[in-house]
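Asker: next comes the sequence, and after it the predicted model I'd like to discuss.
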Amino acid sequence: MQEFDVVVIGAGAVGENVADRAAQGGLSVALVEAELVGGECSYWACMPSKALLRSATVLREAQRLPGAAQAVTGELDVPAVFARRNSFTSDWDDAGQVEWVVGAGIDLIRGHAVFTGVKELLVTAPDGTRTPVRARHAIAVSTGSAALLPDIPGLSAARPWTSRDATSAKQAPKRLLVVGGGTVGVEMATAYAGFGTAVTLLSRGPLLANQEPFAGDLVTESLRELGVDVRLGVSAERIERGDDGVVRATLPGGEIVEADEVLVAIGRTPRTGDLGLETLGLEPGAWLDVDDTMLVQGPDGHALEGEWLYATGDVNHRALLTHQGKYQARAAGDAIAARAKGLPVDDAPWGRHVATADHASVPQVTFSDPEVASVGLTAAAAEKAGLRVRVVDYEIGNVAGASVHLDGYKGTARMVVDEDRGVIVGATFVGADVADLLHSATIAVVGEVPVKRLWHAVPSYPTISEVWLRLLETYGRDSA
Ligand SMILES: Cc1cc2nc3c(=O)[nH]c(=O)nc-3n(C[C@H](O)[C@H](O)[C@H](O)COP(=O)(O)OP(=O)(O)OC[C@H]3O[C@@H](n4cnc5c(N)ncnc54)[C@H](O)[C@@H]3O)c2cc1C
Ligand SMILES: NC(=O)c1ccc[n+]([C@@H]2O[C@H](COP(=O)([O-])OP(=O)(O)OC[C@H]3O[C@@H](n4cnc5c(N)ncnc54)[C@H](O)[C@@H]3O)[C@@H](O)[C@H]2O)c1
């Protein structure tokens, strides 16, 4: 039996951070990983997807800019894009991240962990060796999520791609059918359209349905301009792969769409089905409910006896984003160290040991073309929450900085103001290169900066950030 103060299951970006914080808190920590140290984000999600998107985005921008357009007359070098993607994933070799783990003083145990009891695990290594592992203080589950497959007749036998296949493909297929109009569907449709693939995207609702409606509208329009056949309000009745290798999707009404590959991007499922959660009285295959310090809540709605089981990252379903999972990891790792040493836990809202921002100020950028950057509540969500809000919209193309940035700049910004408190509770920017604008909004939302004070935060001229001034002018100084 190996024994540590803390054991973290899953060495994705989130598990790595829990382990790091607990180790920095003076505890001995083991990190258990069944696949690659670095997890989904490094090898099959954030980094490879963004690497696949970036080159074509830059090329399209250059092609729209007089002077640059004349110089950029060639086609996208698709193999060079895939090669750049490979370098970001280190060719799916985790040696660099293992080096970091070792350097941080964390013990790495390779293998698949299963709970055998309270604070006890059995880890099965790839060669079949089994190691019992015990935690003196805490175990953190950071096992992430996997792609969800819909129950469409014929689909599972059609060898569908999941996000892993789309981000790790060695070449672009001639035709790609994308099922799902959320973040993965939109980003991968954009990437593959950039490679010259004929993409058909089926979405049962509008694109990016969790965002402000104008975001999905602008992205739909631009995907169609890129040549993507976007079908909204459409679900396939059947998807099969024929003996000829061709995928055929039957749509309502009998129309058949043919493709070489089909990517399923309809959401995620927690990686808790094979963890032995039943041993602890928890439901295998379910998301793990947690409190704000990331302690797992049992069926009675309270932390397990002894406050020892934590869950961070995708697996707790609070916000399926790397940065938000790492934020939870910092809170949880510090809370584990504090509880282990009998120190006070600062679990008041916005305290050191809680992930308060998960509730109302989660930032997210979808790297579509145009980019969609949002934080906090949409207007609809704010109204649903019972807030008295005022919504202010502004066309980003009218900002001097945007017009210099790109000819014919098209985009919209929205701020959602809580009229009772005089603060911004949500903001969305849709347009080229708005991603880095988002953090200003995140600070305003988290800091609950009064709108009347924002008038003194002067954006530089001529930058796209002057959209802030235009939003305030549209809101009106007398209203603030
Ligand atoms: C295509 C795509 C693009 C994305 N792009 C972005 C983006 O741009 N920005 C962003 O913020 N988010 C993005 N996300 C979301 C992001 O990838 C996830 O939120 C993030 O990876 C979650 O991290 P995690 O550490 O919780 O889980 P993971 O990264 O999934 O790590 C979990 C680890 O646990 C291991 N594991 C599981 N079970 C066991 C077990 N029983 N024993 C041992 N090890 C186990 C797994 O092998 C894995 O390495 C994207 C997601 C997808 C699918
Ligand atoms: N840039 C980023 O930050 C980024 C990029 C990719 C993924 N992600 C994260 O990964 C998560 C997963 O992304 P995703 O795109 O798979 O999920 P998603 O939840 O963003 O979108 C899934 C879409 O599929 C639709 N859908 C659900 N069931 C369906 C069915 N049976 N048939 C047809 N459509 C169906 C939903 O209505 C939704 O529009 C996201 O929640 C996001 O947090 C983030």
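Answerer: Good, I have the coordinates. Residues are numbered from 1 along each chain as shown. Ligands and ions are numbered 1, 2, ... in the order given.

Asker: tell me where the stretch 1-150 of the chain has helices.
Answerer: Using DSSP state H, counting those that start in this stretch, the helices of the stretch 1-150 of the chain run over 13-24, 39-43, 46-63, 68-71, 78-88, 95-103.

Asker: adding distance to Asp346, write the ones you listed out as TSV.
Answerer: Yep, even glycine has a C-beta here, placed from its N, CA and C like the rest. TSV is the format used below for these (distance: least, C-beta to C-beta, whole Å):
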stretch	distance to Asp346
helix 13-24	14
helix 39-43	28
helix 46-63	30
helix 68-71	51
helix 78-88	37
helix 95-103	28
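
Asker: mean neighbour count, distance to ligand 2 and mean pLDDT for those - can I get that in a markdown table?
Answerer: Putting those into a markdown table (neighbours: other C-beta atoms under 10 Å; distance: least, C-beta to the nearest ligand atom, whole Å; pLDDT from 0 to 100) gives the following:
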| stretch | mean neighbour count | distance to ligand 2 | mean pLDDT |
| --- | --- | --- | --- |
| helix 13-24 | 26 | 13 | 98 |
| helix 39-43 | 25 | 9 | 98 |
| helix 46-63 | 19 | 6 | 98 |
| helix 68-71 | 11 | 26 | 97 |
| helix 78-88 | 15 | 15 | 98 |
| helix 95-103 | 14 | 21 | 98 |
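
Asker: for Arg134, which of those is the nearest?
Answerer: Among these, the nearest to Arg134 by C-beta to C-beta is helix 13-24 (15.6 Å).

Asker: that closest one and ligand 1, any residue contact?
Answerer: Yes: against ligand 1, helix 13-24 shows contacts by C-beta under 6 Å from any ligand atom at 13-15.

Asker: which among these gets closest to Asn210?
Answerer: Nearest member of the residues of helix 13-24 next to ligand 1 to Asn210, counting by C-beta to C-beta, is Val14, at 21.2 Å.

Asker: list the contacts of that closest one.
Answerer: 39, 142, 144, 312-314, 322, 325-326, 328-329 (C-beta atoms under 8 Å, 6 or more residues apart in numbering).

Asker: same check, this time on Leu471
Answerer: With C-beta under 8 Å, 6+ apart, Leu471 has these contacts: 392, 394, 413, 415.

Asker: again, but for Val445
Answerer: Val445 touches 360-361, 375-376, 423-427, counting by C-beta under 8 Å, 6+ apart.

Asker: for it, helix, strand, or coil?
Answerer: Going by DSSP: H, G, I helix; E, B strand; the rest coil, the secondary structure assigned to Val445 is helix.

Asker: grab the nearest non-local neighbour of the closest residue to ligand 2 within the stretch 101-250 of the chain.
Answerer: Nearest residue of the stretch 101-250 of the chain to ligand 2: Gly182, at 1.8 Å (C-beta to the nearest ligand atom). Excluding its sequence neighbours, the residue lying closest to Gly182 (C-beta to C-beta, 6 or more residues apart in numbering) is Ala265, at 6.3 Å.

Asker: the one you found and Leu148: what is the separation?
Answerer: Applying C-beta to C-beta, to the nearest Å, the value for Ala265 to Leu148 is 9 Å.

Asker: neighbour count: these two, which is higher?
Answerer: Each of Ala265 and Leu148 has its neighbours counted (other C-beta atoms under 10 Å); Ala265 has more, 25 against 14.

Asker: I'd guessed that one sits against Ala191; true?
Answerer: No: look at Ala265 against Ala191 with C-beta atoms under 8 Å: they stay out of range, at 12.0 Å.

Asker: quick one: contacts for the closest residue to Gln2 other than its chain neighbours?
Answerer: Among residues not flanking Gln2 along the chain, Val133 sits closest, at 4.9 Å (C-beta to C-beta, 6+ apart). By C-beta under 8 Å, 6+ apart, Val133 lies in contact with 1-4, 7, 30, 32, 109, 113, 120-123.

Asker: of these, which ones also sit close to ligand 2?
Answerer: Applying C-beta under 6 Å from any ligand atom to the contacts of Val133, none is adjacent to ligand 2.

Asker: what helices or strands is the strand or helix carrying Val178 leaning on?
Answerer: Element membership for Val178 (DSSP states H and E) is strand 175-179. Applying 3 or more C-beta pairs under 8 Å, 6 or more residues apart in numbering; DSSP states H and E, one finds that strand 175-179 contacts helix 183-194, strand 198-203, strand 247-250, strand 256-259, strand 261-264.
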